[in-house]
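1. Show me how the following folds:
(chains A and B, ligands or ions: 1)
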Amino acid sequence: MALTQHDIDREVTELQDAYDKARAGGAPAAHHPPRDYAPYRSSALRHPKQPLVAVHGDPETVELSGPAFGTTDVTALDNDLTKQHHGEPLGERITVSGRLLDGRGRPVRGQLVEVWQANASGRYAHQRDDHPAPLDPNFTGVGRVLTGDDGSYSFTTIKPGAYPWRNHANAWRPAHIHFSLFGDAFTQRLVTQMYFPNDPLFPYDPILRSVTDESARQRLIATYDHDLSQPEFSLGYRWDIVLDGPSATWIEEGR
Amino acid sequence: MSEQSLMETNGTLPPTPSHTVGPFYGYALPFPDGGEIAPAGHPDTITVHGYVYDGAGDPIPDALLEFWQAAPDGSLTGAPGSLRRDPVTGGYYGRNGVDFTGFGRVPTDADGHYAVRTLPPGGAPYLSVCVFARGLLHHLFTRAYLDEPAGDTLLSGLEPARRETLLARAEADKHRTYRFDIHLQGDKETVFLAFD
Ligand SMILES: [Fe+3]
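-> Okay, the predicted model is just below:
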């Protein structure tokens, strides 16, 4: 029998309580989700059980450098997901802007930001997404851009819909946009998801709840920014992204 | 969340948490020739291939692997152009066939298999591998060593059976081809790395 939302909620609460208790006892904050997070069923057989092996970087460590991207890797329209077809996609048009920063608050310049998302109905333009919500012939839901000199990025898109999945009975993902980010070092690589403020599905989603630190969870939620909204055109959301992990410049500075 | 509210008192920003790549990245992240890191027809080209397995020993058909490595001359600057795009159609041109970008990206196929063709790295003899998958909340790093360099601090610090998981094995019956499997969990669990 499929697990119910109630079953999942109970597991999520237990893990949340255990984390909060550990924090109260002085444990350090966990910024990332544990790879072993039972309420997200697919994680069960896909997380290592051995501890990670620490590599103490010297500047020669290959991972302290990373791939380079340039203007040939993107086209001018790649950051406007509403202009990839002849017609306009359905849904609420939005502008999503922010800055890509390293852990010291320095802008990450000229790096590749990739996004993908469901359409306004919550359907991905992907063969294996077969839930009964309409595809939109005017929306694919894939974009990319290079960050500017101040680490800034911006996308024009439509607000994605929530969608069901099969983790448990009546499982729904809150609306989200998938992001893929590169830093100056391969160690800074990040794939994550951006959420929209005040989504009623937050408490029920084991993927969001896998981030057990409340303030870390808040960092996944964009802010509505009226100054980013464009008259007669789009609603604005701001989301800054901070990369983890050392880079060659951190090592040289004696981090 | 504003930058100011993110800044902690010690001058560092807490990172944005990782999330799984999910099941539906397939129309967004992979690109044609993503695994063709070597310039087309280069005589030094090697193939690195294998399978990605879960803890039950089943192949994973929805993993995404990224590769980063030194150029044959040992340089680590890379080059743009891995995802070179066509400004006329908006589609992918593919790599320019000349520059070595050092970067590759391939999804596993329905059998859990992947393959990349590249040039042997100069300097440290490994390809750095970043693993993403549905069910994996935070990516994993490992390395595919093409040979076992004397005095490598990572390899020499591992038990033999664990060390074995990082060694890509030349296949006797195939030309310039190495096998490198990745086990996310289980008896043959691959050594995964943390950088600090
Ligand atoms: Fe999704």
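
2. quick one: terminal-to-terminal distance for stretch B:102-122?
-> With C-alpha to C-alpha, to the nearest Å applied, stretch B:102-122 spans 11 Å between its terminal residues.

3. Report the buried residues of that stretch.
-> Buried residues in stretch B:102-122, counting neighbours by 16 or more other C-beta atoms under 10 Å in any protein chain shown, are found at B:102-108, B:112, B:114, B:116-121. To be clear about C-beta, it is placed using only N, CA and C from the backbone, and glycine gets the same treatment.

4. and which of the residues you listed is nearest chain A?
-> residue B:103 (3.6 Å; C-beta to the nearest C-beta).

5. Now do the SS call for the nearest residue to that closest one once chain neighbours are set aside.
-> Leaving aside its sequence neighbours, residue B:103 sits nearest to residue A:67 (C-beta to C-beta, 6 or more residues apart in numbering or on different chains; 3.6 Å). Secondary structure state of residue A:67, per DSSP: H, G, I helix; E, B strand; the rest coil, is coil.

6. Likewise for residue A:18?
-> helix.

7. burial of it, as a residue count?
-> 11 (other C-beta atoms under 10 Å in any protein chain shown).

8. The one 10 residues further on too?
-> Here the number of neighbours of residue A:28 (other C-beta under 10 Å) works out to 8.

9. Quickly find the element holding it.
-> Under DSSP states H and E, no helix or strand contains residue A:28.

10. For it, give me phi and psi.
-> Taking degrees, to the nearest 10, you get phi -70, psi 160 for the backbone angles of residue A:28.

11. just residue A:227 next, same as before
-> phi -70, psi -20.

12. Against chain B, how distant is the most centrally placed residue in chain A?
-> Residue closest to the mean C-alpha point of chain A, counted by C-alpha atoms, centre = their mean, is residue A:193 at 1.8 Å. Per C-beta to the nearest C-beta, to the nearest Å, residue A:193 is found 4 Å from chain B.

13. pLDDT below threshold where in the stretch 1-150 of chain A?
-> A:1, A:57 (pLDDT under 70).

14. can you pull out the helices in it?
-> Along the stretch 1-150 of chain A, the stretches classed as helices by DSSP state H, counting those that start in this stretch are A:5-24.

15. Look up the pLDDT of residue 162 for me, please.
-> You didn't pick a chain, so chain A it is. For residue A:162, the pLDDT comes out at 98.

16. Please refer instead to chain B.
-> pLDDT, read off for residue B:162, is 97.

17. now residue A:255
-> Confidence score, pLDDT, at residue A:255: 45.

18. where does chain B dip in pLDDT?
-> B:1-10.

19. rerun that using 50 as the cut-off
-> Where chain B drops to pLDDT under 50, the residues are B:1-5, B:9.

20. Helices of that one, residue ranges please.
-> B:3-6, B:153-156, B:160-164 (DSSP state H).

21. residues of the last one that come out buried?
-> The neighbour-count criterion (16+ other C-beta under 10 Å) identifies B:162-163 as the buried residues of helix B:160-164.

22. who touches the strand ranked longest in chain A?
-> In chain A, assigned by DSSP state E, the strand with the most residues is strand A:93-101. The contact list for strand A:93-101 (C-beta atoms under 8 Å, 6 or more residues apart in numbering or on different chains) reads A:82, A:107-108, A:111, A:113, A:115, A:147, A:150-159, A:177, A:181, A:183, A:194, A:222, A:225, A:228-230, A:233-243, B:3, B:13.

23. Just the buried ones out of the residues you listed, please.
-> In those, the ones that pass as buried (16+ other C-beta under 10 Å) are A:82, A:107-108, A:111, A:113, A:115, A:147, A:151-159, A:177, A:181, A:183, A:194, A:222, A:225, A:228, A:234-243, B:13.

24. Now, these that are in strands?
-> Filtering the buried ones among the contacts of strand A:93-101 for strands - DSSP E - leaves A:113, A:115, A:152-158, A:177, A:181, A:194, A:235-238, A:241-242.

25. give the contact list for the residue in the stretch 51-200 of chain A that chain B sits nearest to.
-> For the stretch 51-200 of chain A, the residue closest to chain B is residue A:70, as judged by C-beta to the nearest C-beta, at 2.9 Å. Taking C-beta under 8 Å, 6+ apart, we find residue A:70 in contact with A:110, A:146, B:80-81.
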